[in-house]
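**Q** Here is a sequence together with a model predicted from it:
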Amino acid sequence: VTAKMEVDKSADGNAIRQDKNKDGSPRYYTYGTPFFNYGLIPQTWEDPEILSAEGNGGDNDPLDVMEVGMTPLPMGSVTPCKVLGSLELIDDGETDHKIL
């Protein structure tokens, strides 16, 4: 079981902490260890007030990045990436873009 880590927007300096479910319990990847590096694009934000064609607002978080390189990256590292494409997912009724 692998813990799902996220930037804590409410903490000073936006520390990286284990994500929590809506009930406050720790969040884990349910499908095992991811085969990609998971991160974000700094200084971006998915606005909950802007609705998609399906009527879903953004998730109020920075844009997520799924880096599909061959090597695990250190947590918190800043790594240049080339964009291959994107996925637009709906998570709990919110638009959640994943940049590949």
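**A** Looks like it came in fine.
**Q** Quick check: the gap between Gly76 and Gly24.
**A** Computed as C-beta to C-beta, to the nearest Å, the Gly76 to Gly24 distance reads 24 Å. Yep, even glycine has a C-beta here, placed from its N, CA and C like the rest.
**Q** more neighbours, the two?
**A** Taking other C-beta atoms under 10 Å, Gly76 and Gly24 do not tie; Gly76 has more neighbours (10 against 6).
**Q** Touching, that one and Asn14? I think so.
**A** No - contact criterion C-beta atoms under 8 Å: Gly76 and Asn14 do not qualify, at 10.5 Å.
**Q** Under a three-state scheme, what state does the residue sitting furthest away from the middle of the chain occupy?
**A** Distance from the centre of the chain peaks at Ala53, with 21.4 Å (C-alpha atoms, centre = their mean). Here Ala53 is recorded as coil under DSSP: H, G, I helix; E, B strand; the rest coil.
**Q** distance of it from Ile90?
**A** For Ala53, the distance to Ile90 - C-beta to C-beta - is 12 Å.
**Q** what do you get for Gly39?
**A** Per C-beta to C-beta, Gly39 is found 21 Å from Ile90.
**Q** So those two - more neighbours on which side?
**A** Ranked by neighbour count (other C-beta under 10 Å), Gly39 and Ile90 place Gly39 first, with 23 against 12.
**Q** how much space between the more buried one and Gly69?
**A** For Gly39 relative to Gly69 (C-beta to C-beta), the value is 11 Å.
**Q** How about Glu54?
**A** Glu54 is 32 Å from Gly69, by C-beta to C-beta.
**Q** Also Val1?
**A** 23 Å.
**Q** try Ala3
**A** Taking C-beta to C-beta, one finds Ala3 at 21 Å from Gly69.
**Q** before we move on, what about Met5?
**A** For Met5, the distance to Gly69 - C-beta to C-beta - is 18 Å.
**Q** Tell me which of the two has more neighbours.
**A** Met5 (15 against 10).
**Q** Contacts only, for the more buried one.
**A** Neighbour list for Met5: 16-19, 38, 75 [criterion: C-beta atoms under 8 Å, 6 or more residues apart in numbering].
**Q** Name the SS class of Met66, please.
**A** Met66 - assigned by three-state DSSP - is strand.
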